[in-house]
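Just a sequence and a predicted model for now, questions to come.
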Amino acid sequence: MPKLSRSRGGLARAPLKGKTEDVPGTRKPQEPNSNEDRQLYSGLIRLHVLHHATQRPVYGLWLIEELARHGYRLSSGTLYPMLHGMEEKGYLRSVEKRSGRLARRVYRATALGEHALTRARRRVSDLFTELFEEVKESKSRQEVRRAGGSGR
């Protein structure tokens, strides 16, 4: 049973050795793709949507499935507000397509969306290059250290 101690706010669990999640001001690292990381990925998801919407008309369920193939798990309650926001900003335009009883809102990139994607590609490319150059340099330094060199 965990040891309890008195604190200003009442009873608190005493921290156990080696358990950072029990120490005030520290917390356990989150799993990859946690909700905290979602904010980092939201721009990438929007770029992904824009990329596909420049290639062909897209609809919500297809986008959810396509994004899932790349490891992004989005619900319709997340995706549709994002699509509406992109439409309000002028990056996408939607129309309702009917096929018998089935009605589907289909999205296409606008000229503004295509231009934004072109600019974003350059920035993503620069970031990608920088991120992976650092990884490559770090691996090279580790190999030099293992081989007995100074690494500098």
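Thanks, I have the structure now. Residues are numbered from 1 along each chain as shown.

could you pull out the strands for the chain?
Assigned by DSSP state E, the strands in the chain fall at 4-7, 10-13, 58-59, 92-99, 102-109.

mind listing what the last one pairs with, with the direction of each?
This points to strand 102-109. strand 58-59 (antiparallel), strand 92-99 (antiparallel) (DSSP bridges).

Just the mean pLDDT for it, thanks.
The average pLDDT within strand 102-109 is 94.

Same question for it: list its buried residues.
For strand 102-109, a neighbour-count test (16 or more other C-beta atoms under 10 Å) marks 106-109 as buried. Backbone N, C-alpha and C define where each C-beta goes, glycine included.

For residue 117, state which of those residues is nearest.
residue 109 (6.9 Å; C-beta to C-beta).

Could you report the separation of that closest one from residue 90?
Residue 109 sits 10 Å away from residue 90, going by C-beta to C-beta, to the nearest Å.

same check, this time on residue 148
For residue 148 relative to residue 90 (C-beta to C-beta), the value is 59 Å.

out of everything not next to it in sequence, what's closest to the residue positioned nearest the centre of the chain?
Compute the mean C-alpha point of the chain, and by C-alpha atoms, centre = their mean the closest residue is residue 41, 1.6 Å away. The spatial neighbour of residue 41 that comes closest, neighbours along the chain excluded (C-beta to C-beta, 6 or more residues apart in numbering), is residue 72 at 6.5 Å.

mind pulling up the phi and psi values for the one you found?
phi -100, psi 120 (degrees, to the nearest 10).

just the helices in the chain please.
Shown for the chain, the helices assigned by DSSP state H span residues 35-55, 60-69, 76-88, 111-146.

Now tell me what touches the first one from outside.
Read that as helix 35-55. Contacting residues not belonging to helix 35-55 are listed as 30, 33, 58, 63, 66-67, 70, 72, 74, 82-83, 86, 91-92, 107-109, 113-114, 116-117, 120, 124 [C-beta atoms under 8 Å, 6 or more residues apart in numbering].

So which bits of it are buried?
45-50, 52-54.

what's the closest of those residues to residue 130?
Using C-beta to C-beta, residue 47 comes nearest to residue 130 of the buried residues of helix 35-55, at 17.1 Å.

what about the closest one, distance to residue 37?
16 Å.

can you check residue 75 too?
16 Å.

Below-threshold pLDDT in this structure: ranges please.
1-36, 135, 149-152 (pLDDT under 70).
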